[in-house]
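Chemist: Below are the sequence and a predicted model for it; my questions follow.
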Amino acid sequence: MIDIRTISSPTELEDIKKQVQAALKSGCTRILVCGGTGCMANGAADVFAALHAELEKRNIPIRIDILEESEKDAVRLGYSGCPGFCQVGPIVRVFPADFFLTRVKPEDAPEIVEETILNGRPVERLLFKDASGKVYTTRDEIPFYADQVNVVLAECGIIEPGDIREYIAYDGYRALAEAVFGLSPEAVITEVTESGLRGRGGGGFPTGRKWALTQKVQSSKKYIICNADEGDPGAFMDESIMEGNPHALLEGMTIAGYAIGADEGYIYVRAEYPLAIQRLRAAISQARAAGLLGQRILGSAFSFDIHIKEGAGAFVCGEETALISSIEGQRGMPRPKPPFPAQEGLWGKPTVVNNVETFANVPKIILNGADWFRRFGVDKSPGTKVFALTGAVNNTGLIEVPMGTTLGDVVFKIGGGIRGGKKFKAVQIGGPSGGCLTTEHLDLPLDYDSLKAAGAMVGSGGLVVMDESNCMVEIARFFMQFTQKESCGKCVLCREGTKRMLEILEKITTGQGTLEDINLLEELALAVRDGSLCGLGKTAPNPVLSTLRYFRDEYLAHVVDHVCPAGACQAFQTYRINPDKCIGCGLCLRKCPVNAITGEKKKPHVIDASVCIKCGACREACRFDAVEV
Amino acid sequence: MKGKRKLDRVQEIIREYGTSESALIPILQRVQAEYRYLPEEVLTFVATALNLPPAKVYGVATFYAQFSLEPKGKHIIRICDGTACHVRKNQSLIDTARKKLGLREDQKTTDDMLYTLEIVSCIGACALAPAVVIDGKVHGQMTPEKLSESLDALENEEKTEGDK
């Protein structure tokens, strides 16, 4: 356990910062194993244990507490947050040399200790190599990182999230001290407003304006809520921030509390993120112990505390009013707006709801000023955006780029192009509420307004890349299945409309669709969009509308030509029997419900494709894997 | 006797979280962590303790995907169905698991109550898609073969335990 002293003034905060900075610079070697969800899934805990055992075996002292006096050659071994490049995990970084070791296995530990710790050389074979075989020693040289700009993620992967003092060494909580001791609440709001920061959770509402509205409402009780219900399938930005730098979120929320006059905050986090919850809990208790949360923060008159509420698995709770209902113990159903949460939020009190990434930007804005923040990004969308880059690209992981970076740069420069030498087809952005972008959008700047004009949205920032083997109609079906399941059932058009749209999409992807179905689908899409109360219903038709807009020919191919051009839809696959494997037992023939299979006993059988309904019964029945698709 | 002990534990949980309405979801989460599902008699008990209509508790319990009103198997296999996993063809994993465990499409738990298969929304391991969570441990970049091996390993574990 580390010893955390109460910090009771900005001067003491500054003292601790200097002490920890000095300790970090003392030349002590430090090994950071990535402790993000991705690397942990890849066995990072085993790597950590192996390194620990190896250090002990060689009698190399391990320094647990950064401020503790210890021998000069002591090594600090710890977990960092996610450095982003999950594809090549588990990642181990060694400082001060800044070696970036990839795909590390427990059995690599002896070599890492021998070569890197004792001899100061990287383990060559663990360094990142690109497709051409070029080797990269440090993080910043790797092309995946070279085009990124890290503001929110700057400390993710460098500091140990489990030790508040490391965050303090990187100017952590200095913005809070400056706000509480040097700025009026109005001045904090003005700074945030002038920075142009917009909500990173999807809609892009100006954060400063939201705060100003809530601040103006007279009330003895106000709340800050952090929306960490990152439900979009394919998005894990907020998860990584909470795991990698939880104090940035706590500090951002506390500054917001000071600005609007709230003394209590809630983080509503998905139960599916156990590691993030664990790190947040630890961070909150350390911040309380340090006097940076709770009564009279840093010795000032301002008090603020934060609680965690675990979600229970409902996508609609990402909608702010539904989220509020859920915290109150209700079914998570949205309420009509107005009144907005700024007027009547949690338990009827004025409430600011922002997402994780939005709050994590706040300390940086207060520290460096609105003008500094505006240097990143574009005029109407300043700052950076974190995206979760996944799917068919070579480099998957978490990336942060200035708003307005083009789609092509993200996919081809940072993402390293499409894996397996396949062709780029589309990107699905913004999850089930978003839309798709195609080759014609490769020069499109990724910012709120450009994306909206292209029929997509930033959403929470999931970027799923698709290649030629992904069928766009099937993808639309996938998202519709998701939103249909997650519709809370309040609005008829959302509840029934998404169901009917899903049925039509299933008809099309199973080869039974007609031209009328496409028209009906479009009509329903518009009706659901216009007839739903909350964002879930209003945006549920987006994947359908945008695939219809850019890939109408694929829909037509399914209903007119009865083919799936991508070869992804099962129903369009042809079942055949491999004569080399078939022994002619006749089992498939008996199982076939439509008598599409013929053949003599003990001789290879054949399937008549014109009769076959592709139910798969023959394939299921065959004991020799002779039925192929 | 057993039923009484069960409710004693629930009583402790309620004491810990209090009886305000906003404690309902955390209480149900803890109860589920304890029993792996929400038994009907527990729902009624919680309703009475919190002074809420049972219908309200039932409404909350059925609204959230996390809660199950049916008992779950000893081992829980969760296949992530987030977009990234879907794009990287997780269907083959679902098919493999169903086949291996002998589950029909509408069946979640095996008849011997050993395994429950859940198709869940994004677990946030997208960069390692497709992902499968077996008894709480995340496995990334899954293939049907690897999943098959993991399930065999569980089966062997069960067998050795049975032999003891």
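Modeler: All right, it came through fine. Numbering: from 1, shown residues only, chains lettered A, B, ... in the order given.

Chemist: what's the spacing between residue B:131 and residue B:98?
Modeler: Here the criterion is CB to CB, to the nearest Å. By it, residue B:131 lies 17 Å from residue B:98. All C-beta atoms are positioned from the backbone trio N, CA, C, and that covers glycine.

Chemist: Looking at those two, which has the bigger crowd around it?
Modeler: residue B:131 (30 against 16; other CB atoms under 10 Å in any protein chain shown).

Chemist: Read off the pLDDT value for that one.
Modeler: pLDDT, residue B:131: 92.

Chemist: pretty sure it is touching residue B:125, no?
Modeler: Yes - between residue B:131 and residue B:125 there is a contact under CB atoms under 8 Å: 4.2 Å.

Chemist: quick one: common contacting residues for these two?
Modeler: With contacts taken as CB atoms under 8 Å, 6 or more residues apart in numbering or on different chains, the residues that reach both residue B:131 and residue B:125 are A:41, B:80, B:138, B:140.

Chemist: As JSON lines, those residues with pLDDT would be great.
Modeler: Output for the shared contacts of residue B:131 and residue B:125, formatted as JSON lines (pLDDT from 0 to 100):
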{"residue": "A:41", "pLDDT": "86"}
{"residue": "B:80", "pLDDT": "92"}
{"residue": "B:138", "pLDDT": "88"}
{"residue": "B:140", "pLDDT": "88"}
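
Chemist: which of the residues you listed has the most neighbours?
Modeler: Busiest of the shared contacts of residue B:131 and residue B:125 [other CB under 10 Å] is residue B:80, holding 30 neighbours.

Chemist: is it true that residue A:390 lies in a helix?
Modeler: No - secondary structure assignment places residue A:390 outside any helix; it is strand (DSSP: H, G, I helix; E, B strand; the rest coil).

Chemist: Beta-bridge partners for it, please?
Modeler: residue A:464 (DSSP bridges).

Chemist: Around residue 14, how many other residues sit close by?
Modeler: No chain was given, so I picked chain A. 14.

Chemist: my bad, chain B
Modeler: Neighbours of residue B:14 using other CB under 10 Å come to 18.

Chemist: in stretch A:113-128, what counts as buried?
Modeler: A:113, A:115-117, A:122-123, A:126-128 (16 or more other CB atoms under 10 Å in any protein chain shown).

Chemist: Then stretch A:503-511?
Modeler: Quick answer for stretch A:503-511 (16+ other CB under 10 Å): A:504-505, A:507-511.

Chemist: do it and chain B meet?
Modeler: No - between stretch A:503-511 and chain B, judged by CB under 8 Å from any CB of the partner chain, nothing touches; the nearest distance is 12.4 Å.

Chemist: Residues contacting that stretch, please?
Modeler: Contacts of stretch A:503-511 (CB under 8 Å, 6+ apart): A:471, A:473-474, A:476-477, A:480, A:513, A:517-518, A:520-521, A:524, A:544, A:555, A:558-559, A:562, A:564, A:569-572.

Chemist: how about 7 Å then?
Modeler: Outside of stretch A:503-511, the residues within contact range by CB atoms under 7 Å, 6 or more residues apart in numbering or on different chains are A:473-474, A:476-477, A:480, A:513, A:517, A:520-521, A:555, A:558-559, A:562, A:569, A:571-572.

Chemist: Check these for burial and list the buried ones.
Modeler: A:473-474, A:476-477, A:480, A:513, A:517, A:521, A:555, A:558-559, A:569, A:571-572.
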